[in-house]
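Engineer: Sequence and predicted model, in that order:
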Amino acid sequence: MAWTRSASERRWWTLALVYLAGIYLSLYPLQFALDFLRTRNLLRLTMGALFVVAGAAVVAAMARRRATRLEWLVLGAIGATYLLLLSRMTIIQERLHLLEYGLLALAFREALVARAAASPGSTAARPARTAAGALGLTALAGWVDEGIQGILPNRVYDLRDVGFNALAAAVALAAAAALGWAARRARRSHGSA
């Protein structure tokens, strides 16, 4: 990718685009897997297991880097937010949007942060700008996802799902911003002690 400004940016764009391609390529076969799980009453259990694994990965990463009490409190609030969202989603398979497009938004954000950091004269990315860019890119990717589903014989275009994809991105970006704030605050208070 000649338009990238650093190796880090290139890695993040590659990861984000490969992941997005995986989402798009899975659209047709995923419906068969979801139907298989649904007919065996395993869909709710499978979705729950995916979120438990994702949550455990976040907890393990935070424990490994010795997160502060404030970071754990923020993570608890984030977990409660996700639980509230999950409880409100009556169509079980729509819960997958929270993971799929939340992760995509975070990958886009990291690519934009790396791009800003490698820009001439820039020392750091503006968090609001990178978050807005990541949200826009993820919302666009989610809309394209639904457009692809509109032409597949076993899927349907659903404007509501476009909204779920954007919501997933917004929640993940807000969660990352909140955890970043907690980590910076802990470093500042630890440095002044």
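Structural biologist: All right, it came through fine.

Engineer: Need phi/psi at the residue positioned nearest the centre of the chain.
Structural biologist: Residue closest to the average C-alpha location in the chain (CA atoms, centre = their mean): residue 102, at 1.7 Å. The phi/psi pair for residue 102 (degrees, to the nearest 10) reads phi -70, psi -50.

Engineer: hang on, isn't it packed against residue 171?
Structural biologist: Yes: between residue 102 and residue 171 a contact is recorded at 6.4 Å, counting by CB atoms under 8 Å. C-beta coordinates here come from the backbone N, C-alpha and C atoms, glycine included.

Engineer: Let me know the pLDDT of the residue lying closest to residue 59 once chain neighbours are set aside.
Structural biologist: Spatial nearest neighbour of residue 59, excluding adjacent residues (CB to CB, 6 or more residues apart in numbering): residue 75 at 7.5 Å. Looking at residue 75, its pLDDT stands at 96.

Engineer: before we move on, which element is residue 75 in?
Structural biologist: Element membership of residue 75 [criterion: DSSP states H and E] is helix 69-88.

Engineer: How far off centre is that helix?
Structural biologist: Its chain's average C-alpha position is 15 Å from that of helix 69-88, according to CA atoms, centre = their mean, to the nearest Å.
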